[in-house]
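Novice: Any chance you could fold what I've pasted below:
(one chain, ligands or ions: 2)
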Amino acid sequence: MGERVGVIGAGYVGLTSAACFTQLGHQVVCVDNDQSKVEALRRGEVTIVEPGLTELVRDGLGCGRLRFTTTPDELSDVDFVFLCLPTPEGKDGAADVRVLEEVVATLPGLLRPGCVVVTKSTVPVGTGARLTELLGRPDLPVVSNPEFLREGHAVEDFLTPDRIVLGAVPEHRASAERVAALYGETNAPVWFTDPASAELTKYASNAFLALKVSYVNVLAELCEHYGADIRDVGRLMGLDSRIGPAFLVPGPGWGGSCLPKDTAALLRTADHAGVDFGILRDAMKANARQRAAVVRKIRLAITGVSDGSLSGIRIGLLGLAFKAGTGDLRESPALAVARELARSGAVLTAYDPGVEAVEPDIVQVVDDPYLVAKDAAALVVLTEWPEFRELDWERLAAATERAVVVDARNLLDPATVGEAGFTHTGLGTDPNRRTG
Ligand SMILES: NC(=O)C1=CN([C@@H]2O[C@H](COP(=O)(O)OP(=O)(O)OC[C@H]3O[C@@H](n4cnc5c(N)ncnc54)[C@H](O)[C@@H]3O)[C@@H](O)[C@H]2O)C=CC1
Ligand SMILES: O=C(O)[C@H]1O[C@H](OP(=O)(O)OP(=O)(O)OC[C@H]2O[C@@H](n3ccc(=O)[nH]c3=O)[C@H](O)[C@@H]2O)[C@H](O)[C@@H](O)[C@@H]1O
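Specialist: Ligands and ions are numbered 1, 2, ... in the order given. As a prediction, the model looks like this:
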């Protein structure tokens, strides 16, 4: 028999947690204050792009173990409540925990004795202690259980995580163990630690991923200077098991709803402690430069000079989301590049399998990749959707005004698109050289 679990927030993390805990056999009530979202979820409609999530939600609704509500009162009989609320970037880069604190302040009047309050939101170090104080009820243990899922792989990552981290003060260790048990049988290491370590691990992980991508982006620039190829350099670095192959592909910069805000928040936390975390600041600066570098590359490919005018020039964009596998546009480097191109007078058309619309004054979104090529002076790959590789590049070449492609994700095989007639520019690659 499963446990009674409450989840507050039905976004990427909350909805995934609710659906997966239901799948693991628990009874789940998921609370969100967005009425229309809750109504859609009750009909089994999931609006975010997450493989397998709709099916899990529908299964959960079907078997009656998952329900959605806007009424926090329905948490009165749960034994665990997971906080999956937004913690956006606030003043000076610090995480804004106001929503979380407001919601937590309402919980003492709602929860039954012994209910475990679990923080899944990404929260600054010290939040666990702060929430304990806010709750003001010693019978409500607080456990930190940071979430490491990636968008586009949310269900898979939740059900088969690399690790499960639980932070609790020694008196609440048993509660942390009960939280761990909710995940059922798992091959993942389950690690119990103190709340501050759990909270910091989350920021440390995201910021490290950001550092890794900034590192490879700068390295790509260096490769161009010396005629080296970042595809080889990245692959060969990645063969070192201490480095690992992931997060070594250059692109228009790291974005999304978390890496930028979490890096900023960690830097703020370090500043607050008087710790010089300059390498983080440098990674953030490199990230801002990367978008501009991609725009310069596009100008150069189209006009022959890196500051050439784009006024009235048609450009086709492949990808708008911050990465492949999601329709999420939050802090999307692709969108930032599009904005800059639009500001420079370019006329933009875009296709992204996960995105239906963006601000129409910037770019016209179409539902057919071949339409973006029509009369374009260049195509630009901004999001690394694998299906872009499989497009009919000869057909695309025929539709363009000039067969120029700027591959800001090093996604395409230069030889294939070259044979189709395209002039190809990647990041940190020599167009005349084949790897292998
Ligand atoms: N998106 C991701 O891939 C990951 C996010 N996180 C962290 O998890 C937390 C949540 O992130 P997301 O799920 O992406 O956010 P989200 O924006 O997708 O979802 C947040 C949900 O909370 C609801 N909400 C806001 N205020 C509320 C209130 N007062 N009462 C009830 N519901 C309320 C919103 O309507 C929304 O449905 C953040 O701290 C984030 O840093 C952690 C790991 C992965
Ligand atoms: O806290 C969070 O929200 C999550 O943030 C990231 O997940 P996500 O935001 O889904 O995105 P990532 O897959 O990490 O990609 C981040 C950015 O780096 C870019 N990237 C990634 C890898 C790479 O080699 N090159 C590269 O440019 C992506 O395109 C994207 O813009 C982390 O990977 C998750 O572990 C974490 O739980």
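Novice: The strand or helix carrying Leu396: which residues count as buried?
Specialist: Using DSSP states H and E, Leu396 sits within helix 393-399. Buried residues in helix 393-399, counted by 16 or more other CB atoms under 10 Å: 393, 396-397, 399. Glycine gets a C-beta too; all of them are placed from N, C-alpha and C.
Novice: cool, stretch 295-314 as well?
Specialist: In stretch 295-314, counting by 16+ other CB under 10 Å, buried: 295, 297-299, 301-302, 308, 310, 313-314.
Novice: average pLDDT for stretch 391-404?
Specialist: Average pLDDT, stretch 391-404: 98.
Novice: Let the chain start at 29 from now.
Specialist: Yep, numbering from 29; the last one is stretch 419-432 now.
Novice: what does that stretch rub up against?
Specialist: For stretch 419-432, the surrounding residues in contact (CB atoms under 8 Å, 6 or more residues apart in numbering) are 329-330, 342, 344, 397-398, 401-407, 444-445, 448-451, 453.
Novice: now, among the buried residues of helix 421-427, which is nearest to Asp62?
Specialist: Nearest to Asp62 among the buried residues of helix 421-427: Leu424, at 39.5 Å, using CB to CB.
Novice: quick check, Pro174 in a strand?
Specialist: No - applying DSSP: H, G, I helix; E, B strand; the rest coil, one finds Pro174 to be coil, outside a strand.
Novice: Dump the buried residues of stretch 323-342 to JSON lines, plus distance to ligand 2 and pLDDT.
Specialist: Below are the buried residues of stretch 323-342 laid out as JSON lines (distance: CB to the nearest ligand atom, whole Å; pLDDT from 0 to 100):
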{"residue": "Val323", "distance to ligand 2": "16", "pLDDT": "97"}
{"residue": "Lys325", "distance to ligand 2": "15", "pLDDT": "96"}
{"residue": "Ile326", "distance to ligand 2": "17", "pLDDT": "97"}
{"residue": "Arg327", "distance to ligand 2": "21", "pLDDT": "97"}
{"residue": "Ala329", "distance to ligand 2": "20", "pLDDT": "96"}
{"residue": "Ile330", "distance to ligand 2": "23", "pLDDT": "96"}
{"residue": "Gly336", "distance to ligand 2": "26", "pLDDT": "86"}
{"residue": "Leu338", "distance to ligand 2": "24", "pLDDT": "95"}
{"residue": "Ile341", "distance to ligand 2": "26", "pLDDT": "98"}
{"residue": "Arg342", "distance to ligand 2": "25", "pLDDT": "98"}
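Novice: Just flag the most distant two among the residues you listed.
Specialist: Lys325 and Arg342 (17.5 Å).
Novice: Turn the buried residues of stretch 323-342 into a markdown table, including secondary structure.
Specialist: Below are the buried residues of stretch 323-342 laid out as a markdown table (three-state DSSP):
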| residue | secondary structure |
| --- | --- |
| Val323 | helix |
| Lys325 | helix |
| Ile326 | helix |
| Arg327 | helix |
| Ala329 | helix |
| Ile330 | helix |
| Gly336 | coil |
| Leu338 | coil |
| Ile341 | coil |
| Arg342 | strand |
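Novice: From the residues you listed, pick the one nearest Asn245.
Specialist: Lys325 (12.3 Å).
Novice: ok, now how distant is the nearest residue to Val106 once chain neighbours are set aside from Val131?
Specialist: In this structure, Val106 finds its nearest non-sequential neighbour in Gly34, 3.7 Å apart by CB to CB, 6 or more residues apart in numbering. Here Gly34 is placed at a distance of 11 Å from Val131 (CB to CB, to the nearest Å).
Novice: more crowded one of the two?
Specialist: A direct count of neighbours by other CB atoms under 10 Å for Gly34 and Val131 places Gly34 higher, at 29 against 18.
Novice: Check the secondary structure at the more buried one for me.
Specialist: Following three-state DSSP, the label given to Gly34 is strand.
Novice: coming back round to it: check which element follows the helix holding Leu424 along the chain.
Specialist: Going down the chain from helix 421-427, the next helix or strand is strand 432-435, by DSSP H and E.
Novice: Quick check: neighbours of that next one in the sheet, parallel or antiparallel?
Specialist: Each strand paired with strand 432-435, and its direction, by DSSP bridges: strand 406-409 (parallel), strand 451-453 (parallel).
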